[in-house]
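A.B. asks: Need the 3D shape of this:
(one chain, ligands or ions: 1)
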Amino acid sequence: MTVPPASFPVFEQVLRRNAGLKFSPEKSYLLTARLSDIMAREGCATLDALAERLVNAPHRHVLERHVVEAMLNHESFFFRDRTPFTELEATVYPGLRGARAARRHLSIWSAACAGGQEPYSLAMQLIEQQADWQGWRIDLLASDISHAAVIRAEKGEYSQFEVQRGLSIHRLLRHFTQDADKWIVSKEVRDSIRFERRSLLQPPPAAPGRTGKFDIIFARNVLMYLAAEEKAQAIQMLRRALADDGVLIIGAAETLFGYADLFVQHPACRGFYAPVLGDAPSAVEIPPSGELNEKERAEAVFLRAPPATH
Ligand SMILES: C[S@@+](CC[C@H](N)C(=O)[O-])C[C@H]1O[C@@H](n2cnc3c(N)ncnc32)[C@H](O)[C@@H]1O
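C.D. replies: Now for the predicted structure:
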């Protein structure tokens, strides 16, 4: 195991203060791996020397931003985990098409979009289902705390290796053009997304439209990196951003355990959560717990579909 540098607490605090990230001593090998360019630029031979600059240098605020950028993990790929996308198609979209039939407006937010693979996957899928969405307005927001990631996502250029991760040949040829060793996402797909730099620790963005709430929020593989307090803050923010009958989708390896007052897990779709309504009015009356088993109750809450009659 790498021995953490004496200055470990400085790095821990910088990451937490700027992005809410938790950082444990066992991960300190990442400091050397990811900060070597910055150390070379700053002429720092050791992590302790860099930490000293983070505390005392006149440009410490700029340096902090660079350190946080370098430490963020942007691992992502197209149609990651598959199931969320098939579940959207099978359950969530048909439900929302019914629930929003009068308004014909859908707002989706990819809240930690990394290099753009997640929002582009959503956009491609929606374009492929165009026939089901005739006459609808669909707004897609993609955001990330990382400036570099948002710029990259907005550019929509990927290597051969990246497009091979998750994209079928059919989708690649339909939605991308090749330029030498790069694959560039089509204008149609790119223009269907609005990109912005935003932290999960900021107040919620307003979704376009009358309600200002999102119908679907993807916040996958990001909450697991946050310290407990910041994770709670982000989950509360996501609840405020989501429509009462909306769906929050987190990563397959994540849970919202401990937040039962805010979200209920859908029994059939791993990683899919519906808001708990509290005092807010619900489109469909949800029977008290005693009258339904756990699965039926969660189904009744999810998408506010009335429970099946037996
Ligand atoms: C591992 S990637 C996940 C990308 C995508 N959601 C997926 O599942 O493939 C995590 C992303 O979360 C972003 N992130 C980390 N902390 C964040 C915060 N406080 N607010 C918003 N984004 C954050 C990182 O910059 C990174 O791009």
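A.B. asks: For Val135, which non-adjacent residue is spatially closest?
C.D. replies: Val isn't right for residue 135; it's Gly. What sits nearest to Gly135 in space, not counting adjacent residues and going by CB to CB, 6 or more residues apart in numbering, is Arg104, at 5.7 Å. In short, each C-beta sits where N, CA and C put it, glycine included.
A.B. asks: element containing Val264, please.
C.D. replies: Using DSSP states H and E, Val264 falls within strand 263-265.
A.B. asks: how about the residues of the protein near the ligand?
C.D. replies: Within the chain, the positions near the ligand by CB under 6 Å from any ligand atom are 19-20, 72-76, 80, 112, 114, 118, 144-146, 149, 199-201, 220-222, 225, 251.
A.B. asks: which of those residues are buried?
C.D. replies: Listed as buried from the residues of the chain next to the ligand are 19-20, 72, 74, 76, 80, 112, 114, 118, 144-146, 149, 199-200, 220-222, 225, 251; burial here means 16 or more other CB atoms under 10 Å.
A.B. asks: circling back to that earlier point, which residues touch the residue nearest to Gly135?
C.D. replies: Arg104 makes contacts with 135-137, as judged by CB atoms under 8 Å, 6 or more residues apart in numbering.
A.B. asks: go on, Ala45?
C.D. replies: By CB under 8 Å, 6+ apart, Ala45 lies in contact with Met39.
A.B. asks: Quick check on it: phi, psi?
C.D. replies: Backbone torsions for Ala45, taken as degrees, to the nearest 10, come to phi -80, psi -20.
A.B. asks: Give me the pLDDT for it.
C.D. replies: Each residue has a pLDDT score; the one for Ala45 is 97.
A.B. asks: With Leu292 instead?
C.D. replies: Note for Leu292: predicted pLDDT of 69.
A.B. asks: Got the domain ranges for the protein?
C.D. replies: Domains of the chain are assigned by automatic domain parsing as 8-71, 83-304.
A.B. asks: SS state for Asp261?
C.D. replies: coil (DSSP: H, G, I helix; E, B strand; the rest coil).
A.B. asks: so it makes contact with Val276?
C.D. replies: Yes - at 6.2 Å, Asp261 and Val276 qualify as touching, with contact defined as CB atoms under 8 Å.
A.B. asks: higher neighbour count, these two?
C.D. replies: More crowded of Asp261 and Val276, by other CB atoms under 10 Å: Val276, with 16 against 9.
A.B. asks: where exactly do the strands run in this protein?
C.D. replies: 105-110, 137-144, 157-159, 176-179, 182-185, 193-197, 214-218, 242-249, 263-265, 272-275 (DSSP state E).
A.B. asks: what angle separates the second one from strand 214-218?
C.D. replies: With axes from the mean of the first three to the mean of the last three CA atoms, to 10 degrees defining the directions, strand 137-144 sits at 40 degrees from strand 214-218.
A.B. asks: List the pairing partners of the strand holding Val264 within its sheet, with orientation.
C.D. replies: strand 272-275 (antiparallel) (DSSP bridges).
A.B. asks: Look at Phe218 and say how many residues are nearby.
C.D. replies: Residues near Phe218, counting by other CB under 10 Å: 27.
A.B. asks: Run through the residues that contact Glu196.
C.D. replies: Counting by CB under 8 Å, 6+ apart, Glu196 makes contact with 141-143, 150, 205.
A.B. asks: Ok, Trp133 next?
C.D. replies: By CB under 8 Å, 6+ apart, the contact list for Trp133 reads 97, 106, 126.
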